[in-house]
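> The following block contains a protein sequence and its predicted model.
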Amino acid sequence: MLEFGIVRSPGDSLSSRLASRLRQEAHVAGLVAAALAEIRKIYFATTKRTIRHDLAHAIELLKAIPTEADREKARVYMDGLAQLRSEWGQRSEVRKAETAETLTSHFRREALLRRETDHVRDIALG
């Protein structure tokens, strides 16, 4: 069969190609919807402990979404995850600094105690 100058087999009609294309688009739309649903789920389930992993997972899902218009639908959740990471990261950085300061003062106290102990022992041994 000749269709627009292209030789086609009898079973390859325009309607079957169109139906195939529509099935493919429906499949892609289903994958996009699943990715968006997963990003939303990640946003609501993330915790301070899991934020880094969750954000990385959400970014991978976002990369799999083919169109910019569909990616835009995930923007609010991605912004929220980034904000949570920023807030929780700042607090943990403050805690790390406090912990380092506490350890430093602890080591200083131990060093002073050792010096005092050594000094007392030197005096006792005479």
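Yep, it's here. These figures come from a predicted structure and were not determined experimentally.
> In contact with the spatially most central residue of the chain, which residues are there?
Central residue of the chain (Cα atoms, centre = their mean): Leu55, 1.6 Å from the mean position. Neighbouring residues of Leu55 by Cβ atoms under 8 Å, 6 or more residues apart in numbering: Thr46, Leu81, Ala82, Arg85. For every residue, glycine as well, the C-beta is placed using N, CA and C.
> now these in TSV, with pLDDT?
Rendered in TSV, the data for these read as follows (pLDDT from 0 to 100):
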residue	pLDDT
Thr46	94
Leu81	95
Ala82	93
Arg85	92
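> just those residues now: which is nearest Leu61?
Nearest to Leu61, judged by Cβ to Cβ, of the contacts of Leu55 is Leu81 at 11.2 Å.
> That closest one - how many residues pack around it?
Residues within reach of Leu81, counting by other Cβ atoms under 10 Å, total 22.
> residues touching it, list them.
Leu81 touches Ile42, Tyr43, Thr46, Ile51, Asp54, Leu55, Ala58, counting by Cβ under 8 Å, 6+ apart.
> Mean confidence (pLDDT) on stretch 54-74, please.
What stretch 54-74 shows for mean pLDDT is 93.
> Cool, thanks, talk later.
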